[in-house]
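A.B. asks: Structure, please.
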Amino acid sequence: AAIIGGGPTGIAAAYFLARAGIETTIFERESCLGGVPRHVIPSFRIANETIEKDIALMEKYGVDVRCGAPAPSVTELKAMGYTHIFFAVGAGKAGQLDIPGNVVPVIQWLRDLKAGKDVSLGHVAVVGGGNTAMDAARAALRAGAKTSTLVYRRTKKYMPADAEELELAIADGVQFLELVAPGKQEGGKLVCEKMKLGEPDEKGRRKPVGTGEFETLAVNSVIGAIGQTVDWGTLDVGALTTTKKGTAEADALTYQTAQPDIFVGGDCYTGPKFAIDAIAAGKEAAISLHRYVHPGQTLTAGRDRRVYKALDKEHVLIETADFDKDHRQMPGYNAAKAKTFSDARVTFTEEQVRRECARCLGCGATKVDSYLCIGCGLCTTKCKFDAIHLKKVRDWHAGSYETMPIKVAEGVVKRAGSIVKKAVSK
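C.D. replies: Okay, the predicted model is just below:
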């Protein structure tokens, strides 16, 4: 198998393919593996040591790594003996903020900063509201910027960044200028038009509408963080086709493209997402590639279709008192580390660990309810963490079928009362 791209998706796919016994080669145009997490994302978000451990684990399975040169064409790869190809090129091209002045694309700015090059600092404005914008705004302060202001045309409520990333940016000292759209940067100032929120768009976010009023902000450099796209460059991708947004077209379950022996995965298929999503895509693609090389295998049977429905805890009619009765615990914050490129988050305290563990579903492992647990042992086979074990310690029989409706009815009535009481209290 030939893998084009040595980021999280490519590394994950190579690991799972090699572990399955398939000879695998990664082609990476950079001087080393790691992709955007290695070359762009600040080290306070993910340390290079963590990436190196994953690469070392992959290499132990004999993956051939070829860095520092463009990938061969599909025709050349076929001539070299590769039977199937996986494109995992990522979405490392920043969207262009088309305004006059000292404006730098966020990907290039973060890349230069991580490489130790001189970057524009002083009073910095980051235009955008996603996680990458938060990274840049926080990194600017840690690199020595006098101020770092995140400029956004809507309000914080509509920022696509995760709530945790927003909170960390605020804790680091990033300033926010909401409801403004940048117009130009010159003479150490950024001129912005004030906006107001109009009608909702197709995603439910209210559209920003210009007011004709302006304000200025002391800014030496502007970092444009208004989205990322796939950089296919001059790659020969065979019969692979792309959407209007530049992402690859492929089967959503198997990642197989219009050319059956070419697969895609990660950001080049979904658009920018988290590193863990990229890793998951690499694993799923490896399953498809492994099946593809074995004649007669189906690519779809038994696959995880990733169809999940969240439990509506507010209105469920069975007793859920032991489920998720505490909020998710959040890591602490070390303000001193926030001035460096180390992760400012600190590990859970012992009490936080206990409270987080107490959120687990009470399924009969610690308290056996004869009307819930019948001793089938199915839970022991389904728990992926091998945390549930069934051991016979005494002779015991479940309650009779005739009495079950009565017991269930008692629970439903009790739960319905709890729902009504909670609704009234709200």
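
A.B. asks: Helices of this protein, residue ranges please.
C.D. replies: In the chain, helices defined by DSSP state H lie at 8-19, 35-39, 48-59, 74-79, 106-114, 131-142, 163-172, 267-270, 275-292, 350-357, 378-382, 404-425, listed in chain order.

A.B. asks: Report the distance from the fourth one to the chain centre.
C.D. replies: This points to helix 74-79. Here helix 74-79 is found 33 Å from its chain centre; the criterion is CA atoms, centre = their mean, to the nearest Å.

A.B. asks: Just the CA atoms of it, as CSV, please.
C.D. replies: This file holds the C-alpha atoms of helix 74-79, laid out as CSV (Å, rounded to 0.1, in the frame of the first residue of the first chain):
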residue,chain,number,x,y,z
VAL,A,74,-0.5,7.1,-9.5
THR,A,75,0.9,5.7,-12.7
GLU,A,76,4.4,5.6,-11.2
LEU,A,77,3.2,4.0,-8.0
LYS,A,78,1.5,1.3,-10.0
ALA,A,79,4.7,0.7,-11.9
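
A.B. asks: so where's the stretch 1-150 of the chain shaky on pLDDT?
C.D. replies: Within the stretch 1-150 of the chain, no range satisfies pLDDT under 70.

A.B. asks: Quickly compare the helices of the chain and say which is most buried.
C.D. replies: helix 8-19 (a mean of 27; mean count of other CB atoms under 10 Å). Using the backbone N, CA and C atoms, a C-beta is placed for each residue, glycine as well.

A.B. asks: can you give me the angle it makes with helix 48-59?
C.D. replies: With axes from the mean of the first three to the mean of the last three CA atoms, to 10 degrees defining the directions, helix 8-19 sits at 30 degrees from helix 48-59.

A.B. asks: Show me what helix 8-19 is in contact with.
C.D. replies: Counting contacts by CB atoms under 8 Å, 6 or more residues apart in numbering, the residues outside helix 8-19 that touch it are 1, 3-4, 24, 26, 28, 33-35, 37, 54-55, 57-58, 61-63, 86, 88, 90, 265-267, 275, 278-283, 285-287, 289-290.

A.B. asks: Quick check: residue 27 touching residue 2?
C.D. replies: Yes: the pair residue 27 and residue 2 qualifies as a contact (CB atoms under 8 Å) at a distance of 6.6 Å.

A.B. asks: on that earlier part again, of all the helices of the chain, which one is nearest residue 309?
C.D. replies: Of all the helices of the chain, helix 378-382 sits nearest to residue 309, with 17.1 Å by CB to CB.

A.B. asks: Now that closest one: average pLDDT?
C.D. replies: Model confidence over helix 378-382 averages 83 on the pLDDT scale.

A.B. asks: what's the distance between it and the middle of its chain?
C.D. replies: Offset of helix 378-382 from its chain centre (CA atoms, centre = their mean): 29 Å.

A.B. asks: count of neighbours near residue 162?
C.D. replies: 13 (other CB atoms under 10 Å).

A.B. asks: Nearest residue to it in space, please, no chain neighbours.
C.D. replies: residue 131 (6.1 Å; CB to CB, 6 or more residues apart in numbering).

A.B. asks: Now do the strands in the stretch 251-400 of the chain.
C.D. replies: Using DSSP state E, counting those that start in this stretch, the strands of the stretch 251-400 of the chain run over 262-264, 332-333, 345-346.

A.B. asks: Can you list the low-confidence ranges for the stretch 151-300 of the chain?
C.D. replies: For the stretch 151-300 of the chain (pLDDT under 70), the answer is none.

A.B. asks: can you tell me which residue is nearest the centre of this structure?
C.D. replies: The centroid of the chain falls nearest to residue 274 when counting by CA atoms, centre = their mean (1.9 Å).

A.B. asks: Convert stretch 108-116 to CSV, retaining C-alpha atoms only.
C.D. replies: Coordinates of each C-alpha in stretch 108-116 appear next as CSV, following Å, rounded to 0.1, in the frame of the first residue of the first chain:
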residue,chain,number,x,y,z
GLN,A,108,1.9,30.1,7.4
TRP,A,109,2.2,32.3,10.6
LEU,A,110,1.9,29.3,12.9
ARG,A,111,4.3,27.2,10.8
ASP,A,112,6.9,30.0,10.8
LEU,A,113,6.5,30.4,14.6
LYS,A,114,6.9,26.7,15.3
ALA,A,115,9.9,26.6,13.0
GLY,A,116,11.6,29.3,15.1
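
A.B. asks: Give me the distance between that stretch and the centre of its chain.
C.D. replies: 21 Å.

A.B. asks: Name the residues that touch that stretch?
C.D. replies: Here stretch 108-116 has contacts from 39-43, 94, 118-120, 132, 135-136, 139, 143, 223, using CB under 8 Å, 6+ apart.

A.B. asks: circling back: any chance of the helices of the chain in TSV with distance to residue 68 as columns?
C.D. replies: Conversion of the helices of the chain to TSV gives the following (distance: least, CB to CB, whole Å):
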stretch	distance to residue 68
helix 8-19	15
helix 35-39	13
helix 48-59	15
helix 74-79	17
helix 106-114	16
helix 131-142	26
helix 163-172	33
helix 267-270	21
helix 275-292	22
helix 350-357	44
helix 378-382	45
helix 404-425	61
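
A.B. asks: Which of those sits closest to residue 339?
C.D. replies: Closest to residue 339 of the helices of the chain, according to CB to CB: helix 131-142, at 6.6 Å.

A.B. asks: how much space between residue 236 and residue 175?
C.D. replies: With distances defined as CB to CB, to the nearest Å, the gap from residue 236 to residue 175 amounts to 46 Å.

A.B. asks: re earlier: tell me the two of the contacts of stretch 108-116 that are most distant?
C.D. replies: Farthest pair in the contacts of stretch 108-116 (CB to CB) is 118 and 132. Separation: 20.9 Å.

A.B. asks: mind checking which of the strands of the stretch 251-400 of the chain is nearest residue 405?
C.D. replies: Of all the strands of the stretch 251-400 of the chain, it is strand 332-333 that lies closest to residue 405, at 49.0 Å by CB to CB.

A.B. asks: can you list contacts of that closest one?
C.D. replies: Judged by CB under 8 Å, 6+ apart, the contacts made with strand 332-333 from elsewhere in the structure are 168, 171, 344, 345, 346, 347, 349.

A.B. asks: Looking at neighbours, which among those residues is most surrounded?
C.D. replies: Using other CB under 10 Å as the neighbour definition, the contacts of strand 332-333 reach their maximum at residue 168, which records 22 neighbours.

A.B. asks: Run a quick neighbour tally on the nearest residue to residue 69 once chain neighbours are set aside.
C.D. replies: Distances taken as CB to CB, 6+ apart put residue 29 closest to residue 69, at 6.7 Å, once the chain neighbours are dropped. For residue 29, the count of nearby residues is 16 (other CB under 10 Å).

A.B. asks: Done for today, thanks.
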